[in-house]
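Trainee: Sequence first, then the predicted structure:
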Amino acid sequence: MGSLLSVLEVKRYYEVRRSVFSVEKEMIKAVDGVSFELEAGRTLGVVGESGSGKSTLARCLMLLERPDSGRITFDGVDLLAAGPAQIRKIRRKLQIIFQDPYSSLNPRMTVRDIIAEPLKFHRMVDGPGGVDSRVVEILKSVGITDDFLKKYPHEMSGGQRQRVAIGRALATEPALVVADEPVSSLDVSIQAQIINLFIDIREKLNIAMIFISHDLNIVRFISDNILVLYKGKVVEMGGRDQVFLNPLHPYTKMLIAAAGGEFSLKPEPTNGSGPGQCPYYDKCKDRTAICSSQAPELKGGNEHRVACHSPSASCRV
């Protein structure tokens, strides 16, 4: 089976001032050579602490930000080389769900209009009657009754707003949905309901998903494969069980250990490391001489890959 999405050496760098009082600038490597593939109907979980590059990667995949280099191929189309007409067609099949449903929904639009907007834009339904019927059908699929058709976002709870946001994404019958921290702003009691909704949607509609989160417990529950980001680089990737039951990179081990409680590690700037140095060098307890002068490559089989010089990691791949 061919890949629905192929990402090759995607990079996104920012040049920023070191401080408000300085004219000196530094390069922030938000996404630094990320590569992966995703098949139709599969879910890829992307994990990492705040500042690891997860959301920047999501925006690059959606072309909300243009990568500095690399290649993104979706359904056989090179997105970075595609023209406006091609991009418009692709937008229908590639949708995103943001972390905060309140800010992602137009406060001046009713639930009916929010769901109807993409249907009209992509000319998916004929006539007002057809639109209304399809809107009700979509809302029902995400657990929202037609009593909410005339409500505005501020009249709903956070969980209800996120259901509407999910419904809007599903309205275009996408092949791939990118979910960027879609439950982190919700109460814990509501998170499980939304996660179960995602799983139900995936199974019924066979939609591929990229599920981005800092919560490893949620990612493990919903994902088929895992990609671990640190300072914009992929440090480990593989099947869910391979990564969680046999973590190879010291950073992955630390994340899994931290997942026993609330995941709240101190964010670090994603400005990379010293020239040629492993990005995890300063934190790693298993570092050796080579780690200070040579950044490790992602190595291993298709089932499990790791970027680490540690003998304990290398010999187990």
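Mentor: Alright, I've got the coordinates.
Trainee: low pLDDT regions in the stretch 1-150 of the chain?
Mentor: Within the stretch 1-150 of the chain, the segments meeting pLDDT under 70 span 1, 19-20, 22-23.
Trainee: So which residues of it form helices?
Mentor: Using DSSP state H, counting those that start in this stretch, the helices of the stretch 1-150 of the chain run over residues 54-61, 84-93, 101-104, 111-121, 127-141.
Trainee: Single out the most deeply packed of the ones you listed.
Mentor: helix 54-61 (a mean of 23; mean count of other CB atoms under 10 Å). Any C-beta I mention is one placed from the backbone N, CA and C, and that applies to glycine too.
Trainee: Quick check on residue 185: phi, psi?
Mentor: Here is the backbone geometry of residue 185 (degrees, to the nearest 10): phi -90, psi 0.
Trainee: shouldn't it be in contact with residue 97?
Mentor: No: in this structure, residue 185 is not within contact of residue 97 by CB atoms under 8 Å, at 11.8 Å.
Trainee: more neighbours, these two?
Mentor: Each of residue 185 and residue 97 has its neighbours counted (other CB atoms under 10 Å); residue 97 has more, 25 against 17.
Trainee: Please name the bridge partners of that one.
Mentor: residue 179 (DSSP bridges).
Trainee: got the contact list for it?
Mentor: Residue 97 sits next to 104, 162, 165-166, 169, 177-180, 182 when contact means CB atoms under 8 Å, 6 or more residues apart in numbering.
Trainee: Quick check: residue 62 touching residue 96?
Mentor: Yes: with contact defined as CB under 8 Å, residue 62 counts as touching residue 96 (5.0 Å).
Trainee: Can you pick out the residue with more neighbours from those two?
Mentor: residue 96 (21 against 17).
Trainee: Find the residue closest to the more buried one in space, skipping its chain neighbours.
Mentor: Once flanking residues are discounted, residue 96 sits nearest to residue 178: 4.5 Å by CB to CB, 6 or more residues apart in numbering.
Trainee: For the one you found, give me its contacts.
Mentor: 58, 61-62, 94-97, 209-210, 212.
Trainee: farthest pair in those?
Mentor: 94 and 212 (14.8 Å; CB to CB).
Trainee: roughly how far apart are residue 277 and residue 188?
Mentor: 39 Å (CB to CB, to the nearest Å).
Trainee: Nearest residue to the middle of this protein?
Mentor: In the chain, the centroid-proximal residue (CA atoms, centre = their mean) is residue 212; its distance is 3.6 Å.
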